[in-house]
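Novice: My questions are about this predicted structure, shown below with the sequence.
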Amino acid sequence: QVRLVESGGGLVQVGDSLRLSCKCSGGPCSEYAMAWFRQAAGQERERVAAVDWIGGATYYAHSVKDRFTISRDDAKDTTYLQMISLKPEDTAVYYCNTGAYGRDFWGKGTLVTVSS
């Protein structure tokens, strides 16, 4: 059973930076594509970034492009989301996601609050 555990969220000010981590276990995590989603209060969950299992190709939502960077350290089975120039609209619960064995796996999320 694949398990994902996010960490690194917190309360920051506008313009600050934050790095989220997602520790994967329970499977050959280096062989999985990984993604970060977020869900703000009252809104649908949206994908913000993804990285393929080879670690090359990446995807970013338009709203975070040039501010967020996804990366992975397969030796640590950990995926990161580096966020800079944070805005109040980045406030959300951030979830780590992967697909394996024909289904999606999700972490419990980590809350990021950007205060103005």
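Specialist: Cool, got the structure. Because the structure is predicted, anything quoted here is derived from the model rather than measured. Numbering: from 1, shown residues only.

Novice: that's a strand at E6, yeah?
Specialist: Yes - counting by DSSP: H, G, I helix; E, B strand; the rest coil, E6 falls inside a strand.

Novice: Low-confidence regions, the chain specifically.
Specialist: Low-confidence segments of the chain, defined by pLDDT under 70: 55.

Novice: Tell me where it has strands.
Specialist: For the chain, the strands defined by DSSP state E cover 3-7, 10-13, 18-25, 34-39, 46-51, 58-60, 68-73, 78-83, 92-100, 103-106, 110-115.

Novice: want to try JSON lines for those strands, with mean neighbour count as columns?
Specialist: From N, CA and C alone the C-beta is placed, and that goes for glycine too. As requested, these are exported to JSON lines (neighbours: other Cβ atoms under 10 Å):
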{"stretch": "strand 3-7", "mean neighbour count": "17"}
{"stretch": "strand 10-13", "mean neighbour count": "13"}
{"stretch": "strand 18-25", "mean neighbour count": "19"}
{"stretch": "strand 34-39", "mean neighbour count": "22"}
{"stretch": "strand 46-51", "mean neighbour count": "20"}
{"stretch": "strand 58-60", "mean neighbour count": "15"}
{"stretch": "strand 68-73", "mean neighbour count": "18"}
{"stretch": "strand 78-83", "mean neighbour count": "22"}
{"stretch": "strand 92-100", "mean neighbour count": "21"}
{"stretch": "strand 103-106", "mean neighbour count": "12"}
{"stretch": "strand 110-115", "mean neighbour count": "17"}
